[in-house]
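**Student:** One predicted model, sequence on top.
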Amino acid sequence: MRSAILLIFFTSVLSACQPQVRENKNLLINLMKRQPTQFREYIAKKDTLEIQIIYTRINRDANNKPSFKSFYFNVDSNRYFYPASTVKLPMVLLALEKVNQLRDTGIDKFTPMFHDSIYSGQLSVTKDTTSESGLPSVAHYAKKILIVSDNDAHNRLYEFLGQQSANEKLHQKGYNLRLLHRLERALSPDQNRHTEAVRFVRNDTLLYSQPMLVNDSMILSAKALKGVGFMRKDSLINQPFDFSYKNFYSLIDQQKILKSIIFPAEVTEQKRFNITEDDRQFVLRHMSQLPTETLFPNYALDSNYYDAYCKFLMYGEDKEPIPSNIRIFNKVGDAYGYLIDNAYIVDFKNGVEFMLSAVIATNTDGIYNDGKYEYKKIGYPFMKNLGQLLYNYELKRKKKHKPDLSFVKFKYPILNTINDKQSPTDN
């Protein structure tokens, strides 16, 4: 027992005495090598697990103006991975941009929006019982996406935008995305090219009507084949799974789009989204809001949700409350064995801020659609440990100027902390 205690003591001393890691192109791998029990296997299997990491350090000058330096591990924008729900953030931003462009019609993000089914595979929407008004709207769909990554909410914004327009708008901004389908609905490419008719109505007055949109211009890139097989119904098909008609969204573009909404003044005008400052604050607040702080929808009373429900980096699938001094502005994704998180992480108490984006594949048998993915054993521990690794590095990193992070401080409906609680009123 005594020898074990001494070993832990000397290990801690040696770790504390380690020299500062040099901030060069090998920063990430060198940091991970300092925690061999957590990262040795991940480093060795970086290609098999399709790991990509981007860490962006942020320094402030005397006027609080940020400067950025990014560090990469195994990043390759040409290597396909399924982006899952991470595509929902640009969908939210594009939807708010479109509403802003239609403001002369009298609509805003809170105006009730209805969908009409007029083509194969389409679904009508006339109500949303999870909203305070009982009616659907762009704002409520965005809120559900940003807090718990709701799939149906994404589909409704996809339909409002139309497949062709969504892709064209992003390409015009310099982002190389491919958005081809609704989520969690088994539809053909033809059905996904056709999107529901949409109406904005307030007090029984039709303010704006959009017919069914059809995309006839989508050109697919080279085939994206992954794995060794896939399940079709109850049968195993022994050939690679074809992702050619699936969405594509590189990790580099993910962090660029996140930066454009967190720090719009620090990106070129081309890459910004044409939304109001109120819209931007709305996105940031709900992106960082926890399910346990939310009443509409009533996630706070739903035992399926917990603080870290959509906060993979730093917390994995931990069920304990997140400390009140830490806020994570992010968008996660998980599907087909891929686990992704794209985050801006702040610690108000200690003056920490950094951006971190990562993806890992946990489909170790190479069979898709069988539901046998190792999220718990491989994915969540990696995300948690990676987030903690960079957070601890930031805690110790010397900064000439401590950041003023008040620009991302928000009031939330319910603060799920022991010492700091507000009355449960949603806003």
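**Tutor:** Sure, I can see it.
**Student:** Now do residue 58 against residue 393, distance only.
**Tutor:** Look at residue 58 and residue 393: by CB to CB, to the nearest Å, they are 13 Å apart. No exception for glycine: its C-beta is placed from N, CA and C like everyone else's.
**Student:** To clarify, my last question referred to residue 46.
**Tutor:** Per CB to CB, residue 46 is found 19 Å from residue 393.
**Student:** again with residue 29
**Tutor:** If you measure residue 29 against residue 393 using CB to CB, the figure is 13 Å.
**Student:** same question, residue 315
**Tutor:** With CB to CB as the criterion, residue 315 and residue 393 are 17 Å apart.
**Student:** Which one of the two is surrounded by more residues?
**Tutor:** Legend: neighbour count by other CB atoms under 10 Å for residue 315 and residue 393, higher for residue 315 (22 against 19).
**Student:** Tell me the pLDDT of residue 82.
**Tutor:** pLDDT, residue 82: 97.
**Student:** Quick one: residues contacting it.
**Tutor:** The neighbourhood of residue 82, defined by CB atoms under 8 Å, 6 or more residues apart in numbering, consists of 243, 246, 247, 335, 336, 338.
**Student:** which residues touch the third one?
**Tutor:** If a contact means CB under 8 Å, 6+ apart, then residue 247 has 82, 83, 87, 177, 178, 179, 180, 181 as its contacts.
**Student:** and of these, the nearest to residue 53?
**Tutor:** Sorting the contacts of residue 247 by distance to residue 53 puts residue 83 at the head of the list, at 15.6 Å, by CB to CB.
**Student:** contacting residues around the residue nearest to the spatial centre of the chain?
**Tutor:** The geometric centre of the chain, computed from its C-alpha atoms, lies nearest to residue 331 (CA atoms, centre = their mean), at 1.4 Å. When contacts are counted by CB under 8 Å, 6+ apart, residue 331 is found next to 85, 86, 88, 89, 146, 149, 254, 258, 287, 310, 341, 342.
**Student:** now residue 50
**Tutor:** With contacts taken as CB under 8 Å, 6+ apart, residue 50 has the following neighbours: 79, 81, 338, 359, 360, 361.
**Student:** circling back: neighbour-wise, give me the winner out of the contacts of residue 82.
**Tutor:** With neighbours taken as other CB under 10 Å, the top of the contacts of residue 82 is residue 338, carrying 22 neighbours.
**Student:** Look up the closest residue to that residue, ignoring the ones flanking it.
**Tutor:** Beyond its immediate neighbours in the sequence, the residue positioned closest to residue 338 (CB to CB, 6 or more residues apart in numbering) is residue 82, lying 5.0 Å away.
**Student:** sec struct for the one you found, please.
**Tutor:** Going by DSSP: H, G, I helix; E, B strand; the rest coil, the secondary structure assigned to residue 82 is coil.
**Student:** surely residue 370 meets residue 232?
**Tutor:** No - Residue 370 is beyond contact range of residue 232, at 10.6 Å (criterion: CB atoms under 8 Å).
**Student:** and the closest residue to residue 274 other than its chain neighbours, what element?
**Tutor:** Closest residue in space to residue 274, ignoring its immediate chain neighbours: residue 97 at 4.8 Å, by CB to CB, 6+ apart. When secondary structure is defined using DSSP states H and E, the element that contains residue 97 is helix 88-101.
**Student:** quick one: contacts of the helix or strand just after that helix?
**Tutor:** Tracing the chain C-terminally past helix 88-101 and defining elements by DSSP H and E, one meets strand 113-116 next. Where contact means CB under 8 Å, 6+ apart, the residues beyond strand 113-116 that reach it are 122-126, 136-138, 156, 159-160, 196-201.
**Student:** ends of stretch 181-201, how far apart?
**Tutor:** 26 Å (CA to CA, to the nearest Å).
**Student:** What of stretch 94-112?
**Tutor:** Distance between the two ends of stretch 94-112: 18 Å, counting by CA to CA.
**Student:** And for stretch 181-195?
**Tutor:** The first and last residues of stretch 181-195 sit 10 Å apart, counting by CA to CA.
**Student:** mind listing what's buried in that stretch?
**Tutor:** 181, 182, 183, 191, 192, 193, 194, 195 (16 or more other CB atoms under 10 Å).
**Student:** Tally up the residues packed near the residue found closest to the third one once you drop the neighbours it is linked to in the chain, please.
**Tutor:** The shortest distance from residue 183 to any residue other than its chain neighbours is 4.4 Å, reached at residue 151 (CB to CB, 6+ apart). Number of residues near residue 151 (other CB under 10 Å) recorded here: 18.
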